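K.L.:
can't give you the sequence, but here's the structure:
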Ligand code: COA
């Protein structure tokens, strides 16, 4: 018995900000951003918060899966940019869908968040506790990006993507792993809130609220961790790299994906990329790309698809799926 993705969905804010638009905000250029990252444009919220993006995705999932709100057992939203500390985005999605029989919560693993959330849903389903789940990655990174820091603000975008998963006796998740290396946590941080209160007299410090990143260290971590993780998952499943139809990598930087592709000896054409139009949408990046691949009809029943990502924490996650 396993867990199968029976529908995918995605939603991004309508406002599109190009690299030329970014050059009006910070000292950068379309040429620099394109060459160093592969990004050409990104969607930026005009006010919709993370839950709005997640709810739109969830509605699409329900419709495409042909299921009713009351059928949903579990709702997991991966996000680092929730509307509130409490309630979770998951609970807001539950209310908006009217999914009164579900249990809902959020998980936080930055850009690996969707992989963590899918892994958790898979475990609940395999344990026989639930029969299905809605799993979503949703972010409005624009609210924690420092719009005066050119080394980070050009990289990120807003969006959401997700999957409706169900218990399956045939196709589905074959092998997966998630991992973390907390000792590196400070190479990528964001959303810090200072412990200031009336009794300690501390002033709230805003600077660590914004995304702060050692780009080169993250780059090194990404190329190493993803390659090792994919190798472990493929060998655990006894599946050869050439049997993979598509790899859906976290969309952080085309140069990172080029290195991963070379090291794994999986041809570049097999890596599905849409970073040019979305930038890095953190936990939403893998499900947005997966949904696009699915909408284009590029994957067929039984095809082997590999999802893999890395992110703040530092974290990583890889999943091999028989579609
Ligand atoms: N426009 C123009 N110049 C920029 C710039 C921008 N947006 N951002 C940085 N620069 C400049 C730097 O100031 C530096 O100038 P200097 O040499 O005069 O000091 C130069 O470009 C090179 O900067 P560097 O940081 O060495 O560039 P890089 O080749 O490492 O690329 C990243 C930077 C962020 C694109 C790259 O490190 C990266 O992608 N890292 C991984 C990030 C990631 O994946 N994050 C998400 C994790 S989930």
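P.N.:
Alright, I've got the coordinates. Owing to the predicted nature of the structure, the values given are computational and were not obtained by experimental measurement.
K.L.:
quick one: residue 56 from residue 243, how far?
P.N.:
Look at residue 56 and residue 243: by Cβ to Cβ, to the nearest Å, they are 35 Å apart. Where you see a C-beta, it was placed from the backbone N, CA and C, and this is true even at glycine.
K.L.:
Surely residue 184 is in a helix?
P.N.:
Yes - judged by DSSP: H, G, I helix; E, B strand; the rest coil, residue 184 forms part of a helix.
K.L.:
nearest residue to it other than its sequence neighbours?
P.N.:
Excluding the flanking residues, the one nearest residue 184 by Cβ to Cβ, 6 or more residues apart in numbering is residue 314, at 4.4 Å.
K.L.:
before we move on, the earlier item: higher neighbour count, residue 56 and residue 243?
P.N.:
residue 56 (22 against 13; other Cβ atoms under 10 Å).
K.L.:
following the one helix or strand that one maps to, which helix or strand shows up next?
P.N.:
In this structure, residue 56 sits in helix 50-65 according to DSSP states H and E. Counting by DSSP H and E, the element after helix 50-65 in chain order, helix or strand, is strand 74-78.
K.L.:
what's next to the next helix or strand after that next one, contact-wise?
P.N.:
Later in the chain than strand 74-78, the nearest helix or strand by DSSP H and E is helix 89-97. Residues outside helix 89-97 that contact it (Cβ atoms under 8 Å, 6 or more residues apart in numbering) are 50-51, 54-55, 58-59, 62, 69, 72, 75-77, 79, 82-83, 99-100, 102, 104-106, 134, 136, 138.
K.L.:
Could you list every helix and strand that the next helix or strand after helix 89-97 packs against?
P.N.:
Later in the chain than helix 89-97, the nearest helix or strand by DSSP H and E is strand 103-107. Helices and strands touching strand 103-107, by 3 or more Cβ pairs under 8 Å, 6 or more residues apart in numbering; DSSP states H and E, are strand 74-78, helix 89-97, helix 113-126.
K.L.:
Identify each buried residue in the longest one, please.
P.N.:
Read it as helix 113-126. Buried residues in helix 113-126, defined by neighbour count with 16 or more other Cβ atoms under 10 Å: 113-122, 124-125.
K.L.:
Just the helices from this structure, written as ranges.
P.N.:
Remark: helices assigned in the chain by DSSP state H are 19-23, 30-37, 50-65, 89-97, 113-126, 150-153, 215-237, 254-264, 275-278, 285-295.
K.L.:
need the ones you listed in JSON lines with distance to residue 302, can you?
P.N.:
Formatted as JSON lines, the helices of the chain follow (distance: least, Cβ to Cβ, whole Å):
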{"stretch": "helix 19-23", "distance to residue 302": "39"}
{"stretch": "helix 30-37", "distance to residue 302": "34"}
{"stretch": "helix 50-65", "distance to residue 302": "19"}
{"stretch": "helix 89-97", "distance to residue 302": "31"}
{"stretch": "helix 113-126", "distance to residue 302": "19"}
{"stretch": "helix 150-153", "distance to residue 302": "41"}
{"stretch": "helix 215-237", "distance to residue 302": "14"}
{"stretch": "helix 254-264", "distance to residue 302": "22"}
{"stretch": "helix 275-278", "distance to residue 302": "28"}
{"stretch": "helix 285-295", "distance to residue 302": "14"}
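K.L.:
out of those, nearest to the ligand?
P.N.:
The ligand sits nearest to helix 215-237 of all the helices of the chain, at 2.8 Å, using Cβ to the nearest ligand atom.
K.L.:
What's the mean pLDDT across the closest one?
P.N.:
The average of the pLDDT scores along helix 215-237 is 97.
K.L.:
Repeat that for stretch 117-137.
P.N.:
Averaging pLDDT along stretch 117-137 gives 98.
K.L.:
cool, and stretch 57-73?
P.N.:
In this model, stretch 57-73 has an average pLDDT of 98.
K.L.:
where does stretch 189-206 sit relative to the chain's centre, distance-wise?
P.N.:
Put simply, stretch 189-206 sits 28 Å off its chain's centre (Cα atoms, centre = their mean, to the nearest Å).
K.L.:
mean confidence score for it?
P.N.:
90.
K.L.:
tell me how far the ends of that stretch are from each other?
P.N.:
Start-to-end span of stretch 189-206 (Cα to Cα, to the nearest Å) is 13 Å.
K.L.:
buried set for it?
P.N.:
Residues of stretch 189-206 classed as buried: 189-191 (neighbour count, 16+ other Cβ under 10 Å).
K.L.:
follow-up on the earlier one: who touches the residue nearest to residue 184 in this structure?
P.N.:
Per Cβ under 8 Å, 6+ apart, neighbours of residue 314: 180-182, 184-185, 187-188, 218, 221, 225.
K.L.:
hmm, back to that, need the buried residues of helix 113-126 in TSV with distance to residue 264, can you?
P.N.:
Formatted as TSV, the buried residues of helix 113-126 follow (distance: Cβ to Cβ, whole Å):
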residue	distance to residue 264
113	23
114	21
115	17
116	22
117	24
118	21
119	21
120	26
121	26
122	23
124	30
125	29
